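**Q** Have a look at this fold, sequence not included:
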C-alpha cells in the first residue's frame, strides 16, 4: 500500500507530495459539496478548480467531455496533475479522465467519503456509467497517490456515512468472520473511523494484490453488487434514488439468501447477516413489478459469461465463492425474501 497514505493532517501530506514531485500545472476536480466543505481544508497555489455536478447520474461521458475541455482550454500537458477531491464518483471519473487525456496525465485521489476511503481508494478501477449500466466503460490504473484523512467524514450527512458503512460490512462478510461478529455488537455511529478504514483497506488491498485484473479472487469484492447494482441503476433517475451503499446493503441480503438456497450458508448465518444489515439500513422492499427490469439489468453484469448469470456467494461468513451460476427463479426467491423480512 505504498501509494496509500493515512493521515489526520491532509494539507501537510498533500504539500509533502507536491514538494517531492514537479508538475507543469495542477487542477483540482470538485463538485459543489466538496468545493464548499472539503476544498477549504487543502491549499494548492495556482490550481485550476474544475467543478462538476454531484451524484451518480453525472458519472457520464458528457461530464468527462466537460472535464477534458477545461484541461484543453488551459493547455494542460502530460506532465500536469489532476487532484480528485471527492467521493467515488469523482475518484472513478476523474481518474478515468486523467488516464485518457493525452493518453495519460498524473492524478491523485483525496477521497472525502467513507465509501470512497474504504472502497474506491484501492484497486485502480476507473470508469463511468453508460446507458444506465454501472461502470460500463473504464479501465484499471492506479493513482499516483491516495491520501486518506477521516477528518473529511465530519463533513458528511449521516445518510452518506451510512452508505459507506455498507462496504465496511461487505469486507467483513467476505473475509473476516471475527470482524463481522464485532460489527454486530458495535454502534456503527461511534466507530473508530481510522481503525475501520485501515481494516477495510487492508482486506481489499490484500485481495487486489493477489488479483489486480479481477480474473479470480478479486471477484469476491463484488458480493452484493450483482443485485445491488441492478437496484441502484433502476432507481438512479427516480425520486427515490438509492445511494450506492444502500443498494449494496439490499444486494447483500439477497445474495446471502442465494447462498442459503445453495446450501453454503446456514439459516443462523443468514439471520445474522439480515439482522446485522437491517439494524444499520432498515428494511427495504422491492416492488414485484420491477423484478423483470432488475433481471434485465443483471444480464449486463460484467461478471457474466456466455449469457449466464455468475454471482459471488458466501461459503459461510468470512469466505466466498465466485462464478456461481444462479437462475432467474433463485433470484426472484431472494427478492421475495427481502420483502418478507
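**A** Alright, I've got the coordinates. Note that the structure is a prediction, hence the values are computed from the model and not measured. Residues are numbered from 1 along each chain as shown.

**Q** So which residues of the stretch 101-250 of the chain form helices?
**A** For the stretch 101-250 of the chain, applying DSSP state H, counting those that start in this stretch gives helices covering 114-115, 158-175, 177-185, 193-210, 225-234, 244-261.

**Q** what would these look like in a markdown table with distance to residue 276, mean neighbour count and mean pLDDT?
**A** Where C-beta positions appear, they are placed from N, C-alpha and C, glycine not excepted. Listed next are the helices of the stretch 101-250 of the chain as a markdown table, based on distance: least, C-beta to C-beta, whole Å; neighbours: other C-beta atoms under 10 Å; pLDDT from 0 to 100:
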| stretch | distance to residue 276 | mean neighbour count | mean pLDDT |
| --- | --- | --- | --- |
| helix 114-115 | 17 | 28 | 94 |
| helix 158-175 | 7 | 23 | 97 |
| helix 177-185 | 5 | 15 | 96 |
| helix 193-210 | 15 | 18 | 94 |
| helix 225-234 | 16 | 25 | 94 |
| helix 244-261 | 10 | 26 | 97 |
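
**Q** Between the ones you listed, which one is closest to residue 7.
**A** helix 193-210 (9.5 Å; C-beta to C-beta).

**Q** Pretty sure residue 236 sits against residue 56.
**A** Yes. The criterion here is C-beta atoms under 8 Å, and residue 236 meets it with residue 56 at 6.1 Å.

**Q** and for the two, which residues touch both?
**A** residue 129 (C-beta atoms under 8 Å, 6 or more residues apart in numbering).

**Q** For residue 45, give its distance to residue 28.
**A** Separation of residue 45 from residue 28 (C-beta to C-beta, to the nearest Å): 11 Å.

**Q** which strands and helices sit next to the lowest-mean-pLDDT helix or strand in the chain?
**A** Ranking every helix and strand in the chain by mean pLDDT, DSSP states H and E puts strand 133-140 at the bottom, with a mean of 89. Secondary-structure packing of strand 133-140 (3 or more C-beta pairs under 8 Å, 6 or more residues apart in numbering; DSSP states H and E): helix 88-100, strand 125-130, helix 225-234.

**Q** Could I get the buried residue list for it?
**A** Buried residues in strand 133-140, defined by neighbour count with 16 or more other C-beta atoms under 10 Å: 134-135, 138.

**Q** who's sitting farthest from the centroid in the protein?
**A** Within the chain, the residue lying farthest from the chain centre (C-alpha atoms, centre = their mean) is residue 75, at 31.5 Å.

**Q** residue contacts, that residue?
**A** Residue 75 neighbours (C-beta under 8 Å, 6+ apart): residue 25.

**Q** Just the element for it, please.
**A** Under the assignment given by DSSP states H and E, residue 75 is not contained in any helix or strand.

**Q** contacting residues for residue 98?
**A** Neighbouring residues of residue 98 by C-beta under 8 Å, 6+ apart: 82, 84, 104-107.

**Q** Tell me how far it lies from residue 67.
**A** Look at residue 98 and residue 67: by C-beta to C-beta, they are 9 Å apart.

**Q** Ok, which of the helices of the stretch 101-250 of the chain comes nearest residue 147?
**A** For these, the distance to residue 147 is smallest for helix 193-210, at 12.3 Å, taking C-beta to C-beta.

**Q** Surely residue 312 is in contact with residue 322?
**A** Yes. Using C-beta under 8 Å, residue 312 is in contact with residue 322, at 4.7 Å.

**Q** Who has more neighbours out of the two?
**A** Set residue 312 next to residue 322 and count neighbours by other C-beta atoms under 10 Å: residue 312 wins out with 22 against 18.

**Q** ok so, going back, wait, which of the helices and strands packed on strand 133-140 is closest to residue 179?
**A** Among the helices and strands packed on strand 133-140, helix 225-234 sits nearest to residue 179 (C-beta to C-beta), with 19.4 Å.

**Q** how far off helix 158-175 does that closest one point, in degrees?
**A** Calculated by axes from the mean of the first three to the mean of the last three C-alpha atoms, to 10 degrees, helix 225-234 forms an angle of 160 degrees with helix 158-175.

**Q** which residues sit against helix 225-234?
**A** Counting by C-beta under 8 Å, 6+ apart, 56, 129, 132-134, 242, 244, 247-252, 254-255, 286, 290, 293-295, 297-298, 301, 303, 309, 311-312, 331, 334-335 sit against helix 225-234.

**Q** how near is residue 56 to residue 247?
**A** Noted for residue 56: a distance of 10 Å to residue 247, by C-beta to C-beta.

**Q** To clarify, my last question referred to residue 227.
**A** Distance from residue 227 to residue 247, by C-beta to C-beta: 9 Å.

**Q** what do you get for residue 43?
**A** From residue 43 to residue 247 the distance is 36 Å (C-beta to C-beta).

**Q** Let me see the ranges of the strands in the stretch 201-341 of the chain.
**A** 310-314, 320-325 (DSSP state E, counting those that start in this stretch).

**Q** Indicate which one of the ones you listed is closest to residue 115.
**A** Proximity to residue 115, assessed across the strands of the stretch 201-341 of the chain by C-beta to C-beta, is greatest for strand 310-314 (18.8 Å).

**Q** Paired strands for that closest one, with orientation please.
**A** In the sheet, strand 310-314 lines up against strand 320-325 (antiparallel) (DSSP bridges).
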